[in-house]
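Novice: this is a predicted model, with the sequence first.
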Amino acid sequence: MSWTLVIHGGAGRITRETVSAEADERARAGLGTALNAGAAVLAGGGAALDAVEAAVRVLEDDPAFNAGRGAALTRDGTAELDAAICHAGGAGAVAGLTRVRHPVCVARAVMERTPHVMLAGPGADVFAREIGAEAADADWLATPERRAQLAELLAGSGGFDAEMKYGTVGAVARDAAGRLAAATSTGGVTGKRPGRIGDSPLIGAGTWADGTCAVSCTGAGEFFIRSSAAAQVSARLRLAGRTLHESLAATLAEVSALGGTGGLIAVDAAGAPAWRFSTPGMNRGYAMPGARQVALYGDEFTGQAGPAR
Ligand code: ASP
């Protein structure tokens, strides 16, 4: 049996005009490294759950993306980190972590070491410390680049970042044994109110996996929450008999009808990789034995060259 890994590094106003040559290079390199980490697990016969965690860990360390180090900051200038991991056998999530290097690993520990699915706020930070999760300083998490972006935002509209071009991260995988898993990690949206929780750590909204498919979302979280976007993809496959691409398109149309934009990555039980986004671009990539792509902009890999948009 084959394996499949699909990753994203956020959707938003990602175009050749808005992304510098240097940022383009950094994003592609980061996505490539994450694909390598996840693919190494899967190629070695490892579990989908381990692969999505490995891929997301790499992106959490990469300041080019909005997760872990380099997370988008609240209007108070603090990093509040959200993450989730999910497979048919369970789910775990954290919200509002402030001093952890790898939120996705803490989410997994919630799943495996507590009777709960989600921990938030100070209690989540305490749990992270108790399990010996690697700690990170607030100053290390909040990079100068993110501080500058926040300052710019506050100097302008004062609202939160509607363009979301800073790169929440996620991964979905199907392993050689046919198991599916999904993980998502984010700092949320720049300038968010402290305490705000988006779709990423909410099981069924930004992250979902069951025996049918695995899904990770990125975009305007409030709209993905209101449409149960990630779980909706599975429902369309299971209950409406749709294909994966049809299910992604219909789900994204529902998010759009509510007023939200963003993107989703997914893999189904047969191992078909897919993505779809309504923004100008989405940082994304996939790997399977003998196939591999990384892309940022909307006009890359349309048609027959890769998973349908
Ligand atoms: N969906 C994330 C959130 O709302 C943000 C993003 O994907 O960029 O927290």
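Specialist: Yes, it's here. Numbering: from 1, shown residues only.
Novice: what helices and strands are in contact with the host helix or strand of Ala83?
Specialist: Taking DSSP states H and E as the definition, one finds Ala83 inside strand 81-87. Applying 3 or more C-beta pairs under 8 Å, 6 or more residues apart in numbering; DSSP states H and E, we find strand 81-87 packed against helix 48-61, strand 90-97, helix 103-113, strand 180-186, strand 207-209. Heads up, the C-betas are built off the backbone N, CA and C, glycines and all.
Novice: quick check: mean pLDDT of that strand?
Specialist: The average of the pLDDT scores along strand 81-87 is 98.
Novice: wait, isn't Arg26 in contact with Phe65?
Specialist: No. Applying C-beta atoms under 8 Å, one finds Arg26 not in contact with Phe65, separated by 9.3 Å.
Novice: out of those two, which sits in the more crowded spot?
Specialist: Phe65 (31 against 16; other C-beta atoms under 10 Å).
Novice: nearest spatial neighbour of that one, skipping sequence neighbours?
Specialist: The shortest distance from Phe65 to any non-neighbouring residue, by C-beta to C-beta, 6 or more residues apart in numbering, is to Gly167 (4.0 Å).
Novice: mind listing what that neighbour touches?
Specialist: 9-10, 12, 27, 64-67, 283 (C-beta atoms under 8 Å, 6 or more residues apart in numbering).
Novice: give the helix, strand or coil label for it.
Specialist: coil (DSSP: H, G, I helix; E, B strand; the rest coil).
Novice: where exactly do the strands run in the stretch 151-300 of the chain?
Specialist: 169-174, 180-186, 207-209, 213-219, 262-268, 273-277, 281-288, 291-297 (DSSP state E, counting those that start in this stretch).
Novice: ok, the shortest one near the ligand or not?
Specialist: Think strand 207-209. No. Remark: strand 207-209 sits outside contact range of the ligand, by C-beta under 6 Å from any ligand atom, the gap being at least 10.2 Å.
Novice: so who does whichever residue of the stretch 51-200 of the chain sits closest to the ligand touch?
Specialist: Nearest residue of the stretch 51-200 of the chain to the ligand, counting by C-beta to the nearest ligand atom: Gly198, 2.4 Å away. By C-beta under 8 Å, 6+ apart, the residues touching Gly198 are 82, 186, 188-189, 192, 206, 221-222, 224-225.
Novice: go again using 7 Å as the cut-off
Specialist: Gly198 makes contact with 82, 186, 188-189, 206, 221, according to C-beta atoms under 7 Å, 6 or more residues apart in numbering.
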